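> structure of the sequence below:
(4 chains)
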There are 2 protein chains.
Amino acid sequence: MNKHDLRILKTKHNVHLVLTNLLKKKPLAQIKVTELCREANINRGTFYFHYREIGDVFKELFEEVMFDLRESYHEPYRHTEFLEVEKLDPKTVRIFHHIKKYEDFYRIIFSKEVSTAYYYMFFDEIRAICIEDRNVVYFGEPSDYLYSFSANAIIGLVIEWYRRDFQETADEMNIHLVNILKIYGNRRNEKE
Amino acid sequence: MNKHDLRILKTKHNVHLVLTNLLKKKPLAQIKVTELCREANINRGTFYFHYREIGDVFKELFEEVMFDLRESYHEPYRHTEFLEVEKLDPKTVRIFHHIKKYEDFYRIIFSKEVSTAYYYMFFDEIRAICIEDRNVVYFGEPSDYLYSFSANAIIGLVIEWYRRDFQETADEMNIHLVNILKIYGNRRNEKE
DNA sequence: TCAATTATTGTACATTTGTTCAATAAAATC
DNA sequence: GATTTTATTGAACAAATGTACAATAATTGA
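Alright, predicted model coming up:
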């Protein structure tokens, strides 16, 4: 019940460590509750007292990654000089650097075997960032649909990046984004 | 081994029917292999001869939905009159009607409990459609990143639609899309 | 420090999973 | 129609899941 109970903190911290280590050896879907408990020296009943499945533990780990993503938008940004396109909001481009930092996590959440729950955690975070940036990037009255459109568009880039095994640097990804936004701008211009 | 073996066809057809029925009663994640086999009157060994898990069966069902999506882009379209925006490629807008048609399936693949595998099946299909439409919609040299960006952007709309329980009609979704593409066009215009 | 609270343990149990294998039934092939 | 091929069955097994509960240990709060 009480989140600050030392026993709970100790157990969860322990479980987090063990899962992190197991993830270095095998994919998430192959990690058994029994196995995790044995390595963590806790009773299986204790596990089920806190979680429903292994995925719930990973969710807690990924929560910290999402915290870092949120955080990274509240500290001054150091990469703006690189981008040649002065019009693009520098905030947008921190995403790729963050992902590179937590590459191992994103390899998991974009893999085919895991639940979509983590995708949505990421989506909601990116979407929130899009909303914060609303004044800078968009014109006209923005809608919920626009935010979901924009957020998932950026994630589309990340999916492509993931499928290419994150070969490109974060800065190269920024350039891709800039170029694409250029194309989207031109498209309508030439049509009317 | 032989996909046309009558025994296999019969078994799979049977399994498909039973899963479809079970899905009316409970979510995918709660359906057990044992349960499915009991209802289908097949041996559990037979199941494991063809599939690894329940999800593999659902994948086969969803494959047919993806086939319909692909198909719908090869037959004449009947809804173009509605759209007031003459510039938008009519092909794009068939997506929402297709989704409405298979609403029950999309409720599953966008739910939090299922694997991302189905999302990727959908993504790849939408992406292929974007590539086919390349000449019409985009200018400049299109890249793989652009296609993933565009495809996932549209899926972003679908996610928002899903979260609103598919309340809007398909035609209303088309309008949302048109409006958003307008905004994206304007954005750059006003900046330079 | 002591009493109250509750997380953790150990155990037990029914169920499901995933795999193996020989026997059998069904379909393909000739 | 006879033979070959192979999908299906049934049975058995180890392992993992998920749940329940009383006993115990650790932590909290007074």
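> alpha carbons only for contacts and neighbour counts from here, please
Noted.
> for chain B, see how far away the residue nearest the centre of chain A is.
Nearest residue to the geometric centre of chain A (Cα atoms, centre = their mean): A:F122, 4.3 Å. A:F122 is 13 Å from chain B, where distance means Cα to the nearest Cα, to the nearest Å.
> ok, the closest residue in space to that residue that isn't next to it in sequence to DNA strand C distance?
With sequence-adjacent residues excluded and distances taken as Cα to Cα, 6 or more residues apart in numbering or on different chains, A:F122 is closest to A:M66, at 7.0 Å. Note on A:M66: its distance to DNA strand C, by Cα to the nearest atom of the strand, to the nearest Å, is 25 Å.
> still on that earlier bit, quick one, grab the pLDDT at the residue nearest to the centre of chain A.
Predicted confidence (pLDDT) for A:F122: 98.
> ok, the residue nearest to A:F122 touching A:D124?
No. In this structure, A:M66 is not within contact of A:D124 by Cα atoms under 8 Å, at 9.8 Å.
> touching, the residue nearest to the centre of chain A and A:F67? I think so.
No. A:F122 is not in contact with A:F67 according to Cα under 8 Å; the separation is 10.5 Å.
> re earlier: let's verify the residue nearest to the centre of chain A: helix, strand, or coil?
Following DSSP: H, G, I helix; E, B strand; the rest coil, we place A:F122 in the helix state.
> output the lowest mean pLDDT helix or strand found in chain A.
When the helices and strands of chain A are scored by mean pLDDT, DSSP states H and E, helix A:134-137 comes last with a mean of 54.
> could you identify the helix or strand that succeeds that helix?
helix A:144-163 (DSSP states H and E).
> so what touches that next one?
With Cα atoms under 8 Å, 6 or more residues apart in numbering or on different chains as the contact definition, helix A:144-163 has outside contacts at A:96, A:106-107, A:110, A:123, A:126-127, A:130-131, A:167-168, A:177, B:144-146, B:148-157, B:159-160, B:176, B:180.
> who in chain A is up against DNA strand D?
With Cα under 7 Å from any atom of the strand as the criterion, chain A meets DNA strand D at residues A:4-7, A:31-35, A:44-45, A:48, A:52-53.
> what comes into contact with the helix or strand containing A:E35?
A:E35 belongs to helix A:33-40 when assigned by DSSP H and E. Under the criterion Cα under 8 Å, 6+ apart, residues A:14-15, A:18-19, A:43-44, A:47, A:53-54 lie in contact with helix A:33-40.
> close to DNA strand C, is it?
No. Judged by Cα under 7 Å from any atom of the strand, helix A:33-40 stays clear of DNA strand C, getting no closer than 8.3 Å.
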